[in-house]
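Visitor: Here is a sequence with its predicted model. Questions after.
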Amino acid sequence: MMPKKIMFGENAAKEFPYPKNALVITTTTPDIYNKWLDYIGIKNYELYDKVTPDPAIETVEAIKKQYEGENISCYIGLGGGSSMDVCKYLGKMTGIPKILIPTTFGTGAEMTTYAVISFDHKKKLLQDEAFLADAAIVDPYFLPGTPFNILRNSACDAAAQASEGYDSKLGNPFTKFFCKEAFDILYDAIMNDKHHLLPYGAMLSGIGFGNSSTTLGHALSYAFSNEGVPHGYALSSCTTVAHKFNKSIYYKCFKEIAQKFKFEPLKLKQPLDQAADVIMPDRGHLDNNPIPVTKQDVIKCLDEIVNTNPLAA
Ligand SMILES: [Zn+2]
């Protein structure tokens, strides 16, 4: 599965024919999104700019209510993951088409059937065919100005998703084709400082892993996410160690990417045994791992992550 329409490359967001009376949903401040809106050249639109990070279901319901009876032609999610997730969920509720335009690149969320919404202050990863965008627009225009720390976390996530997605048991020649192409582009973009290629690489990664799922690296990373470590940073060591465990063809190249970005070693506050108990029920990731994973394996991987430096030369 992928969006009905995909436009990518320089000026893609400028050239897209936006319908009248769209509702633009964004997260940032007027000084930033007014520049974006000028660039994409959209006319006759409504704007909702009160989406916060880790959006809650209450926000989605509030937007639905606020614009009821206004004949909104489509939702446009313009921004990071939060604005796109809100659009995905809204689109599912109302049946109104959605156009997704990522401005931070890495998750490939504009391509996937996944959305993260909080219920009772708990983040939930949801999957539904109805979350799929009607159109996804990937334009590197939005990349410059991204702080380096966000850029490296996102690029690391994209590379982890592409390589874990390649190895996934759910993979097939079609998903492997996208994951491999994505990883090759991301590797070149990162190792040779061609950052303008990151959005396209992340987009291909989204099509690939979005149809095959990620695996052990992502499962391990949530123990660190729960302690506040950013997703992409957690993956730098977790995916490296997972690739080693799986004897993945991507072990060496992925480690080179993590080294290039100079990620620091990870620490864990909770005991490894306890962390493993949190990780083991994550069947969505673990069942798709190419090799079966026991609790002992998880503890061994965590031990390697926090007690050795898996990114050392
Ligand atoms: Zn990820």
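Guide: Arrived safely, thanks for sending.
Visitor: Now residue 201: which helix or strand?
Guide: Element membership for residue 201, per DSSP states H and E: helix 198-210.
Visitor: what's that helix packed up against?
Guide: Contact here means 3 or more Cβ pairs under 8 Å, 6 or more residues apart in numbering; DSSP states H and E; on that basis helix 198-210 packs against strand 5-8, strand 135-138, helix 148-167, helix 173-191. Placement of C-beta: from N, CA and C, glycine included.
Visitor: could you redo the last one with a cut-off of 7 Å?
Guide: Under the contact definition 3 or more Cβ pairs under 7 Å, 6 or more residues apart in numbering; DSSP states H and E, helix 198-210 sits against strand 135-138, helix 148-167, helix 173-191.
Visitor: Mind listing what's buried along the least confident helix or strand in the chain by mean pLDDT?
Guide: Lowest on mean pLDDT, DSSP states H and E among the helices and strands of the chain sits strand 122-127, with a mean of 88. Judged by neighbour count (16 or more other Cβ atoms under 10 Å), strand 122-127 contains no buried residues.
Visitor: same question, stretch 170-187
Guide: Counting neighbours by 16+ other Cβ under 10 Å, stretch 170-187 gives 171, 175-176, 178-183, 185-187 as buried.
Visitor: CA-only coordinates of that stretch in CSV, if you can.
Guide: Extracted C-alpha coordinates of stretch 170-187, given in CSV (Å, rounded to 0.1, in the frame of the first residue of the first chain):
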residue,chain,number,x,y,z
LEU,A,170,7.2,-9.9,6.4
GLY,A,171,9.4,-8.6,3.5
ASN,A,172,9.0,-9.7,-0.1
PRO,A,173,10.8,-8.7,-3.3
PHE,A,174,8.8,-5.6,-3.6
THR,A,175,9.4,-4.2,-0.1
LYS,A,176,13.1,-5.3,-0.3
PHE,A,177,13.5,-3.4,-3.5
PHE,A,178,12.3,-0.2,-1.8
CYS,A,179,14.2,-0.8,1.5
LYS,A,180,17.5,-1.5,-0.4
GLU,A,181,17.1,1.5,-2.7
ALA,A,182,16.2,3.7,0.3
PHE,A,183,19.2,2.5,2.3
ASP,A,184,21.6,3.0,-0.6
ILE,A,185,20.4,6.6,-1.0
LEU,A,186,20.4,7.4,2.7
TYR,A,187,24.0,5.9,3.1
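Visitor: ok now that stretch, how far from the chain's centre?
Guide: Centroid separation for stretch 170-187 versus its chain: 16 Å, with Cα atoms, centre = their mean, to the nearest Å.
Visitor: Same check on stretch 45-62?
Guide: From the chain centre to the centre of stretch 45-62 is a distance of 19 Å (Cα atoms, centre = their mean).
Visitor: can I get the helices and strands packed on helix 198-210 in JSON lines with distance to residue 229 and mean pLDDT?
Guide: Converted to JSON lines, the helices and strands packed on helix 198-210 look like this (distance: least, Cβ to Cβ, whole Å; pLDDT from 0 to 100):
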{"stretch": "strand 135-138", "distance to residue 229": "27", "mean pLDDT": "98"}
{"stretch": "helix 148-167", "distance to residue 229": "10", "mean pLDDT": "96"}
{"stretch": "helix 173-191", "distance to residue 229": "20", "mean pLDDT": "98"}
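Visitor: Out of those, which gets nearest to residue 101?
Guide: Put simply, out of the helices and strands packed on helix 198-210 the one that sits nearest residue 101 is strand 135-138, at 4.7 Å, with distance taken as Cβ to Cβ.
Visitor: Identify the residues contacting the closest one?
Guide: Strand 135-138 is touched from outside by 3-8, 12-13, 16, 99-102, 110-111, 199-200, 203, with contacts defined as Cβ atoms under 7 Å, 6 or more residues apart in numbering.
Visitor: so who does the nearest residue to residue 293 once chain neighbours are set aside touch?
Guide: Distance criterion Cβ to Cβ, 6 or more residues apart in numbering; nearest residue to residue 293, sequence neighbours excluded, is residue 286 at 5.3 Å. Residue 286 sits next to 216, 219, 293 when contact means Cβ under 7 Å, 6+ apart.
Visitor: phi, psi of residue 286?
Guide: With angles defined as degrees, to the nearest 10, residue 286 sits at phi -70, psi -40.
Visitor: Please look at residue 64 and residue 93 and confirm they touch.
Guide: Yes. Residue 64 lies in contact with residue 93 (Cβ atoms under 7 Å); the separation is 5.9 Å.
Visitor: Looking at those two, which one has more neighbours?
Guide: Neighbours were tallied for residue 64 and for residue 93 using other Cβ atoms under 10 Å; the higher tally belongs to residue 64 (15 against 12).
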